[in-house]
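Peer 1: A structural model of the following input is requested.
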Amino acid sequence: MIADTKVWEALSTVMDPEVPFSVVDLGLVYGVAVEPPDRVRVQLTLTTRGCPLVRRISADAEEAIRRHTGSGDVVVEIVWDPPWNPGMASETVRHHFGWPS
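Peer 2: Just a heads-up that it's a prediction; the model follows:
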């Protein structure tokens, strides 16, 4: 079975095309589930509902998971609840943008 840590490692390589941080650093990953034997499900959000890069980020996440885990069954679900806010980002990201900790 695939370890969820491998999925998180894969997602940490998925960069937001507009800022120099990964979807993990930005706090955009809401959930990771691995189901036997190799199905991976990820809940991912974006910083804004109208983000024009939704397909690109979803495809990048799916590809990274496939490449890092070998899974042939990857589902990336875009969710909007709870709404993303800057407090969900890592300390490094908040510091970079001058957001409060």
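
Peer 1: A33: neighbour count?
Peer 2: A33 is flanked by 12 other residues according to other Cβ atoms under 10 Å. C-betas here are computed from N, CA, C, even on glycine.

Peer 1: what sits opposite it in the beta ladder?
Peer 2: R41 (DSSP bridges).

Peer 1: for it, what are its contacts?
Peer 2: Contact analysis of A33 by Cβ atoms under 8 Å, 6 or more residues apart in numbering lists D4, V40, R41, V42.

Peer 1: how much space separates it from V93?
Peer 2: 25 Å (Cβ to Cβ, to the nearest Å).

Peer 1: how about E18?
Peer 2: 13 Å.

Peer 1: the more surrounded of those two?
Peer 2: For E18 versus V93, neighbours defined as other Cβ under 10 Å are more numerous around V93 (19 against 11).

Peer 1: would that one count as being in a strand?
Peer 2: No - counting by DSSP: H, G, I helix; E, B strand; the rest coil, V93 is not found in a strand; it is helix.
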